[in-house]
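Asker: The amino acid sequence is not available; the structure is as follows:
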């Protein structure tokens with residue numbers, strides 16, 4: 001049994017486009033057809049009313065720090081509310097939040113655990129204000145972050161704003177995925193210039209309350225789906241503001257990070273069924289970025305498997321014998337990189353190779369999870385240190 005060499009090179013071209021060529025293409029398009037957006041100047045009296053909504057499940061270790069951080073915002077107090085929605089927490093999370101009632105913090109204590117998506121749907125029906133800022137219990141905003149998010153909404157064409165997440169290692173303050181997240185931040189900036197930003201970051205984003213579309217109860221990547229469902233509803237623009245900063249710890253170990261990526265991968269395949277209409281060319285640059293940045297990226301594990309199988313079937317040809325060996329060697333860098341405590345100089349390339357392989361294996365695991373069926377949207381909290389995050393150079 002043999003294979004057509006064109007199949008191998010087709011798969012190779014798709015992977016190369018998704019990870020290497022697309023960044024160059026989107027940068028070029030953003031310079032040719034995009035525009036650098038400048039936030040409107042806005043006074044305190046012109047700021048919209050805003051609610052910071054935090055969904056929490058068993059976050060007693062960090063929720064007090066999170067609420068204190070929210071209350072340190074420099075947003076005008078008469079226009080800003082903090083709401084914590086507890087998803088059937090079985091620890092002291094509700095009791096801790098209740099202590100802040102006299103400081104204007106509202107607790108929505110949902111007794112039965114229903115999942116983050118259902119909690120968000122229920123809470124969005126109860127909160128007030130022109131805007132809703134969504135964040136996580138382990139995230140800390142810079143004091144001016146809510147103001148910087150809100151200023152954009154003076155422009156009626158804008159429906160959602162995504163801020164910048166700075167990630168910190170819980171032990172050292174460094175970021176294990178620094179290069180990858182800088183790469184993703186670059187793409188966000190380019191897509192934002194084109195008016196084609198896809199989704200947001202669950203740690204820090206804002207949406208017009210009246211544009212919220214309830215999401216299915218089993219939705220996994222709610223921060224991706226919510227802004228894009230709103231866009232399908234109103235065609236409102238999603239923008240990225242690098243000046244609106246939040247800080248968050250990374251997962252404490254490789255296994256936890258892999259589970260997070262696999263979960264996001266499952267959510268990506270799930271999201272295609274919810275957002276496929278964005279592939280309609282009438283959505284302009286959004287259709288292009290959704291296909292190039294998301295759809296192709298989610299399908300890359302299958303392209304990589306196709307390359308491996310095709311080169312194995314062509315092993316009688318010297319070129320494909322070497323290509324097969326190169327692929328196997330590349331994938332073996334993943335376990336090798338995990339065994340080495342530190343990677344310096346040229347050895348840092350091992351980390352990039354390991355990260356690429358890990359991401360695609362996690363996507364495969366996520367695809368399998370999606371294929372088996374996602375019946376609920378509950379989540380398990382990731383183990384974190386109790387100290388609040390500190391500044392770091394890595395960003396998302």
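Answerer: Arrived safely. No experiment lies behind these values; they were computed from the predicted model shown.
Asker: So which residues make contact with whichever helix or strand residue 134 is part of?
Answerer: Element membership for residue 134 (DSSP states H and E) is strand 131-136. For strand 131-136, contacts defined as Cβ atoms under 8 Å, 6 or more residues apart in numbering pick out 48-55, 120, 124, 141, 146, 149-150, 153, 202-209, 212, 223, 226, 246, 248. Bear in mind the C-beta positions are built from the backbone N, C-alpha and C, glycine included.
Asker: where exactly do the strands run in this structure?
Answerer: For the chain, strands defined by DSSP state E occupy the ranges 50-56, 80-87, 105-110, 131-136, 139-141, 158-168, 205-208, 237-249.
Asker: Check which strands are paired with the strand holding residue 134 and give the direction for each one.
Answerer: Counting by DSSP bridges, the strands paired with strand 131-136 are strand 50-56 (parallel), strand 205-208 (antiparallel).
Asker: Could you give the separation of the shortest one from the chain centroid?
Answerer: Which is strand 205-208. 15 Å (Cα atoms, centre = their mean, to the nearest Å).
Asker: what does stretch 45-64 give?
Answerer: For stretch 45-64, the separation from the chain centroid amounts to 18 Å (computed by Cα atoms, centre = their mean).
Asker: Show me the shaky parts of the stretch 101-250 of the chain.
Answerer: 169-178 (pLDDT under 70).
Asker: can you give me the helices for it?
Answerer: With DSSP state H, counting those that start in this stretch, the ranges of helices along the stretch 101-250 of the chain come out as 116-124, 145-151, 178-193, 222-234.
Asker: which one of those helices lies closest to residue 303?
Answerer: helix 178-193 (18.9 Å; Cβ to Cβ).
Asker: Going by contacts, tell me the helices and strands next to the closest one.
Answerer: helix 22-33, strand 158-168, strand 237-249, helix 348-372 (3 or more Cβ pairs under 8 Å, 6 or more residues apart in numbering; DSSP states H and E).
Asker: May I see the buried residues of that helix?
Answerer: By 16 or more other Cβ atoms under 10 Å, the buried positions in helix 178-193 come out as 178, 180, 181, 184, 185, 187, 188, 189, 190, 191, 192, 193.
Asker: quick one: contacts for residue 330?
Answerer: Contacts of residue 330 by Cβ under 8 Å, 6+ apart are 353, 357.
Asker: at 7 Å what do you get?
Answerer: By Cβ atoms under 7 Å, 6 or more residues apart in numbering, the residues touching residue 330 are residue 353.
Asker: Please apply the same query to residue 17.
Answerer: Going by Cβ under 7 Å, 6+ apart, the list of residues near residue 17 reads residue 296.
Asker: mind running it again at 10 Å?
Answerer: Residues near residue 17 by Cβ atoms under 10 Å, 6 or more residues apart in numbering: 24, 25, 292, 296, 300, 303.
Asker: count of neighbours near the nearest residue to residue 33 once chain neighbours are set aside?
Answerer: Counting by Cβ to Cβ, 6 or more residues apart in numbering, the nearest residue to residue 33 once its immediate chain neighbours are dropped is residue 194, at 6.5 Å. By the criterion of other Cβ atoms under 10 Å, residue 194 has 20 neighbours.
Asker: Residue 194 and residue 293 touch, don't they?
Answerer: No: Residue 194 is beyond contact range of residue 293, at 11.3 Å (criterion: Cβ atoms under 10 Å).
Asker: Please enumerate the shared neighbours of those two.
Answerer: Common neighbours of residue 194 and residue 293 (Cβ under 10 Å, 6+ apart) are residue 26.
Asker: from what I can see residue 29 touches residue 193, true?
Answerer: Yes: with contacts counted by Cβ under 10 Å, residue 29 reaches residue 193, the gap being 8.8 Å.
Asker: which non-adjacent residue is nearest the most centrally placed residue in the chain?
Answerer: By Cα atoms, centre = their mean, the chain has its centre lying nearest to residue 201, at 4.3 Å. Counting by Cβ to Cβ, 6+ apart, residue 165 is the residue found nearest to residue 201 once chain neighbours are left out, at 5.1 Å.
Asker: residue contacts, the one you found?
Answerer: The neighbours of residue 165, taking Cβ under 10 Å, 6+ apart as the test, are 136, 139, 181, 185, 201-205, 244-248, 394-396.
Asker: One more pass at 6 Å, please.
Answerer: Neighbouring residues of residue 165 by Cβ atoms under 6 Å, 6 or more residues apart in numbering: 201, 203, 246, 248, 396.
Asker: Equivalent analysis for residue 355, please.
Answerer: Residue 355 touches residue 180, counting by Cβ under 6 Å, 6+ apart.
Asker: Would you mind giving me the confidence score for it?
Answerer: According to the prediction, residue 355 has pLDDT 85.
Asker: That one and residue 361: what is the separation?
Answerer: Residue 355 sits 11 Å away from residue 361, taking Cβ to Cβ, to the nearest Å as the criterion.
Asker: circling back: which among the helices of the stretch 101-250 of the chain is found nearest to residue 307?
Answerer: It's helix 178-193; of those, that one is closest to residue 307 (Cβ to Cβ) at 21.3 Å.
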